[in-house]
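Asks: just coords:
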Ligand SMILES: Cc1ncc(C[n+]2csc(CCOP(=O)(O)OP(=O)(O)O)c2C)c(N)n1
Ligand SMILES: [Mg+2]
């Protein structure tokens, strides 16, 4: 079985589902001949043709609107946005229409669409190419927000997103696009949405993260294991709706929790998780919950971004605080 | 220097302000039965409109946008639409929706603050109201794209106001409609106002229709007080959309003979006397004069038409007022195809509180 990167797994999922479901139409800027700025859509045009693999004019608001209309009218659009920082012009369509059409029409119309975008810093790109603003979408009733962290989960979760009858915001960690290879069988098997993944069992502390920081989080768990501390590691994967029961059950077992995310501290999804633990799991806590996050600053340009992004040292320091 | 491109914006009017037909009028001008149907629809529209405003004033309806003075635009479109066409409204399109199969009671239900007023929504016929100005233009392009890909041979008609043409959405939708050759007709209801902002403060462009030139699609102005011109030009544009897969933008010139909505007071910004002057061009009387001069509309017939309109409206109002409120939990029922487990507790809480309220 061939090993592949995360971005290749995305490509494999798109290929699989376009073959399986003729209603899928992929569109976006430079996604045709060019295969997308990160090459996620390479080969789709050649295989499925210009009707189903559509380069759009350069307008994100328009891409959002097209996706909403196509979804209502019997297709399953999968729209690529080149970077998360360029999704904002489409917010009107995403929030005001995609998320609410089913409710507005009491089920007569709905928007089975997927919006894909790379997110996150650490790729030394210009301003606006490093955003991690998943909270903006996770706040919106009617949406799903999904973030994979490995090639296999990218494949399985993207298949699930494309098969879901409701709008899914699918955010791909740009920093992990080509980081590690993994065998990903092209078996068309989707992974469950709305569920956390327990990546590692442990009894001493629960580490909760998602997306690109799963890499540092797992590295910290390795270090802890070498020091005799068994960390349970959870990849949240679906940020909306949140699978709190899995996290609460883990914290009930470990009594300690560190939440790690790249997005800014204030209003980050870590706050929701922390609040839920306080509300429903307080008595099992041995120490206050800690959050390790991006700062409440603008993501710095390339030269300073490494100081912004939580690293193993910061995560380890938080673990030491809860273990103390 | 040389001129590399030249453009013209045609203006269509078939029945002028004095109810005199134009030499180039279409066959519709002689089709008495059809014209009487158009007249009837405009009377129904105005009757419903008066009633809706009265209901709002007496606390029986929410905020309502009047269509007074704009009957020809909406009725002409509604008449031109066929069962093979898809209609995507903004929010003032009451008459068009009714002609395209939507019960008047649903329309009242919507303006009464009940989502079930959108139950008419049907991907192959009518889409629901759109409140964020201009946003429907973009998803209309998506609906047209899907129908083109699916080879349904349907045309899509989408509407907006003059104010909406200032949104990027308007340009973006026309732009993609041009490039992708979408079967899409844009109708701009230029009623001269966007709440308090007059047309002249919305754009320095001489016409709003000409914005289509920048997108490479056909564009024209139509006398929006002339229901014959509206019907005929929309019908032509829809036919072109179906047959040739091309887009058109039609700017309808009319005048908002009312406040923006029942929540507005145009006395704060509209110059006194303008509305009265514009009323001389008003569409219902214009067609009525013509039909009377032709000797095909007698006072008795007018009474019958008026009475029939009142009956239609009263029946709709009775049905609307009889509707019982939806269950509070309905706000969860269609949020997702299946309510995620994460929200089950909130649903249960709402259900429990509601059952206490009902029992206590
Ligand atoms: C994006 C957005 N901005 C503001 C509003 C508030 N608003 C409602 S109607 C309206 C004026 C619209 O004017 P126009 O497009 O000419 O349509 P008309 O109501 O005159 O038919 C405004 C500003 C809105 N609904 N959506
Ligand atoms: Mg207006």
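Replies: The structure has been received and is ready for your questions. None of these values were measured; they are calculated from a predicted model. Ligands and ions are numbered 1, 2, ... in the order given.
Asks: The strand or helix carrying residue B:171 and chain A, are they touching?
Replies: Per DSSP states H and E: residue B:171 is located in helix B:168-179. Yes: between helix B:168-179 and chain A, judged by CB under 8 Å from any CB of the partner chain, the touching residues are B:168-169, B:172-173, B:175-176, B:179. Glycine gets a C-beta too; all of them are placed from N, C-alpha and C.
Asks: Give me the buried positions along that helix.
Replies: For helix B:168-179, a neighbour-count test (16 or more other CB atoms under 10 Å in any protein chain shown) marks B:169-178 as buried.
Asks: I'd like those residues as TSV, with pLDDT and distance to residue A:10 appended.
Replies: Output for these, formatted as TSV (pLDDT from 0 to 100; distance: CB to CB, whole Å):
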residue	pLDDT	distance to residue A:10
B:169	98	30
B:170	98	34
B:171	98	32
B:172	98	27
B:173	98	29
B:174	98	33
B:175	98	29
B:176	98	25
B:177	98	30
B:178	98	32
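Asks: Flag every residue of the stretch 101-250 of chain B that's near chain A.
Replies: B:115-116, B:118-123, B:127-128, B:130-132, B:135, B:137-147, B:149-150, B:168-169, B:172-173, B:175-176, B:179.
Asks: before we move on, the earlier item: what is the nearest of the residues of helix B:168-179 next to chain A to ligand 2?
Replies: Ranked by distance to ligand 2 (CB to the ion), the residues of helix B:168-179 next to chain A are led by residue B:169 at 15.3 Å.
Asks: circling back: return the subset of the residues of the stretch 101-250 of chain B next to chain A lying in helices.
Replies: B:135, B:137-147, B:149, B:168-169, B:172-173, B:175-176, B:179 (DSSP state H).
Asks: how long is stretch A:233-243 end to end?
Replies: Its first and final residues considered, stretch A:233-243 spans 14 Å by CA to CA, to the nearest Å.
Asks: That stretch and chain B, any residue contact?
Replies: Yes: residues of stretch A:233-243 contacting chain B under CB under 8 Å from any CB: A:241-243.
Asks: any idea how far residue A:193 is from ligand 1?
Replies: 31 Å (CB to the nearest ligand atom, to the nearest Å).
Asks: Quick check: that residue touching residue A:162?
Replies: No: assessed by CB atoms under 8 Å, residue A:193 is found out of contact with residue A:162, at 11.0 Å.
Asks: More neighbours: which of those two?
Replies: residue A:162 (27 against 20; other CB atoms under 10 Å in any protein chain shown).
Asks: Within the helices and strands, which one has the more buried one?
Replies: helix A:151-163.
Asks: Residue numbers of the stretch 51-200 of chain A in contact with chain B?
Replies: A:51-52, A:56-57, A:59, A:61-62, A:64-75, A:77, A:92-93, A:96-97, A:101-110, A:141-142, A:164-166, A:194.
Asks: still on that earlier bit, can you give me how far the helix holding residue B:171 is from the chain middle?
Replies: Distance of helix B:168-179 from its chain centroid, counting by CA atoms, centre = their mean, to the nearest Å, is 20 Å.
Asks: is that helix anywhere near ligand 2?
Replies: No: using CB under 5 Å from the ion, helix B:168-179 stays clear of ligand 2, coming no nearer than 12.8 Å.
Asks: name the helices or strands packed onto that helix?
Replies: helix A:60-72, helix B:135-149, strand B:184-190, helix B:211-214 (3 or more CB pairs under 8 Å, 6 or more residues apart in numbering or on different chains; DSSP states H and E).
Asks: Other residues contacting it?
Replies: Contact partners of helix B:168-179, identified using CB atoms under 8 Å, 6 or more residues apart in numbering or on different chains, comprise A:56-57, A:59, A:61-62, A:65-66, B:134-135, B:137-138, B:140-141, B:144-145, B:158, B:160, B:164, B:182, B:184, B:186, B:211-212, B:214-217, B:247, B:249.
Asks: For ChimeraX, write the selection for the buried entries among these.
Replies: Only the buried entries of the contacts of helix B:168-179 go into this ChimeraX selection, using 16+ other CB under 10 Å:
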select /A:56,59,61,62,65,66 /B:134,135,137,138,140,141,144,145,158,160,164,182,184,186,211,212,215,217,247,249
